[in-house]
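Asks: coordinates only, sequence not included:
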Ligand code: SD4
């Protein structure tokens, strides 16, 4: 069915869907809905892959990426490689509403966040510590530094990345940690057809410090344009950001494609070059039609997403 207002989010993050919907029901804007939905997952540490305490990098530190887009004004705010601040989506919104910039990164993004009043906190938890310890014990080690004589298991795709000849294309094995792929992406559309979208994630497990995924990149992790619709992506951001799948899905809907066809085409574009990439795209148009597509891979989690509208009367799970 199709009805407005509408909230759609990646993965079975029901509390996030409910929070976004509640924001709309209580008179909030679509931006409020997107922010609240993402914020809920940051607080709940959804699946360990949103918010603090997940995806430790090669030094054991968690860093966060987030993005918010106002599809009415085409204002965008994003943070990438944000450190020591839990509320990444809040900082992204502050970039959008309090600066003339679009994307702030790393320590400088953290300094901005602190100036804006966001508390500085350690993002490490017992969970992220033990993930990191297990990674070290598997023979992995931080970039460039030889800290043990254990031979790394190539299946874990870990460092060290030595200077020398470049790898040949497509030979780097995909990450084997299947749990590491659950960014929240939220799309909200108001009764008047105002569109917003956003994402929040702690990225990829054991990334090289400085690694930024697709989630904070406009058109990659999410996109919104009130003259067409919105989309959000989840999955292997290192691959997906090369194809701007959210932008592509929105542009295809603008051209008249049904949402599910638009998502399927966006996934197909990435598959052309990387048939085994793990990822999914959700999208919705301004009439309240929605859809999703994923690249189904054996052994990877089944993709599902949440939808809330007056028709669904509460968050409903779609696969
Ligand atoms: C990233 N796309 O940083 C994120 C991770 C993710 O589902 O979405 N996982 O690559």
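Replies: Sure thing, it's come through. This one's a predicted model, so the numbers in the text were calculated from it and none came from an experiment.
Asks: residue 188 belongs to a strand, doesn't it?
Replies: Yes. Under DSSP: H, G, I helix; E, B strand; the rest coil, residue 188 sits within a strand.
Asks: which intervals of this protein have sub-threshold pLDDT?
Replies: 1, 141-181 (pLDDT under 70).
Asks: going along the chain, name the strands of it.
Replies: 6-10, 64-70, 75-82, 103-105, 184-189, 195-201, 222-225, 229-235, 279-285, 290-294, 305-309, 316-318 (DSSP state E).
Asks: can you add mean neighbour count and distance to the ligand and give the ones you listed back as CSV?
Replies: Bear in mind the C-beta positions are built from the backbone N, C-alpha and C, glycine included. As requested, the strands of the chain are exported to CSV (neighbours: other CB atoms under 10 Å; distance: least, CB to the nearest ligand atom, whole Å):
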stretch, mean neighbour count, distance to the ligand
strand 6-10, 31, 7
strand 64-70, 32, 6
strand 75-82, 26, 10
strand 103-105, 19, 14
strand 184-189, 33, 8
strand 195-201, 33, 5
strand 222-225, 30, 11
strand 229-235, 33, 4
strand 279-285, 31, 7
strand 290-294, 24, 11
strand 305-309, 24, 12
strand 316-318, 14, 17
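Asks: and those strands as CSV, adding distance to residue 16?
Replies: Converted to CSV, the strands of the chain look like this (distance: least, CB to CB, whole Å):
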stretch, distance to residue 16
strand 6-10, 6
strand 64-70, 13
strand 75-82, 19
strand 103-105, 23
strand 184-189, 6
strand 195-201, 9
strand 222-225, 14
strand 229-235, 12
strand 279-285, 13
strand 290-294, 16
strand 305-309, 7
strand 316-318, 13
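Asks: list the contacts for residue 78?
Replies: Listed by CB atoms under 8 Å, 6 or more residues apart in numbering, the contact partners of residue 78 are 65-68, 92, 95, 102-104, 216-218.
Asks: could you do residue 21 as well?
Replies: So residue 21 contacts 7, 33, 308, 315 (CB under 8 Å, 6+ apart).
Asks: what of residue 182?
Replies: Applying CB under 8 Å, 6+ apart, the residues contacting residue 182 are 10-11, 46-50, 201, 234, 301.
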